[in-house]
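1. Dropping the sequence and predicted coords here.
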Amino acid sequence: MLKRIYCENPNRHDVNAVADILGDGGIAIIPTDTLYAFVCSMEFKKSVETIARLKGFSLKQAKYSMLCCNLAQASEYVRPMDKETFALLKRCLPGPYTFIMDANSQVPRNYLNPNKTIGIRVPANPICNAIIESLGMPLIGTSVRTLDDERETEYLTDPELINELFGRQVEIVVDGGIGDDTPSTVIDCSNGNMEVVRRGKGDVDE
């Protein structure tokens, strides 16, 4: 099902409908401030496994981010930050960044890599944030993409095309307009690090 939600003023009824689907264990495709993303509630391991299959990965191979509506919510799932790291996140979020952080015990083991870290995102997208707020907890998300015959990544930006390809495999696709085709900038802040591991939409000079 394809549902249009306008970024400028997300309709509360439509937002709540998407949140209800996620709260029942469904999978959605929603816009962020970078790419469209497969998302589900962090409470449902089976939904996360389904997303991994849609991308052609096993659960252990897949790389997920935790999408939060604000920094306060994100802080509930990571270990205490030093002042420098907190200042960096506060300056950059909401925004097109993924921060790799040391996870605390609130993060289910299913989403942790061997280093026990998790990617944290606070997208600057009103639709995404409104859905998270309505659900009352972070979303587990990963980008919507395809691989061509030469195994090169193509990020999908047109929600109607996304719906054609994946609409029967997920409960709902949110049309928030044409998306971006540049992923987030990834910064590793785990174990006292401060390292850019992928340059993306977020300005590294920030």
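-> Looks like it came in fine.
2. residue contacts, Asn9?
-> If you count contacts by CB atoms under 8 Å, 6 or more residues apart in numbering, Asn9 has them with Pro126. Heads up, the C-betas are built off the backbone N, CA and C, glycines and all.
3. Next one, pLDDT for it please.
-> On the pLDDT scale, Asn9 is placed at 91.
4. now the strands: where do they sit in the chain?
-> Using DSSP state E, the strands found in the chain span residues 2-4, 28-31, 36-41, 65-67, 97-102, 117-121, 139-143, 145-147, 153-155, 172-175, 185-188, 195-198.
5. other SSEs contacting the last one?
-> Which is strand 195-198. Packing partners of strand 195-198 (3 or more CB pairs under 8 Å, 6 or more residues apart in numbering; DSSP states H and E): strand 185-188.
6. pLDDT of the strand it packs on, averaged?
-> On average, strand 185-188 scores 96.
7. Looking at Glu164 now. What's its pLDDT?
-> The model's pLDDT for Glu164 equals 95.
8. Report all helices and strands that the longest helix anywhere in the chain contacts.
-> Looking across the chain with DSSP state H, the single longest helix is helix 12-23. Packing partners of helix 12-23 (3+ CB pairs under 8 Å, 6+ apart): strand 2-4, strand 28-31, strand 36-41, helix 126-135, strand 172-175.
9. surely Ile162 meets Thr146?
-> No - taking CB atoms under 8 Å as the definition, Ile162 is not a contact partner of Thr146, at 9.9 Å.
10. Neighbours of the closest residue in space to Met101 that isn't next to it in sequence, how many?
-> Excluding its sequence neighbours, the residue lying closest to Met101 (CB to CB, 6 or more residues apart in numbering) is Val78, at 4.1 Å. By the criterion of other CB atoms under 10 Å, Val78 has 23 neighbours.
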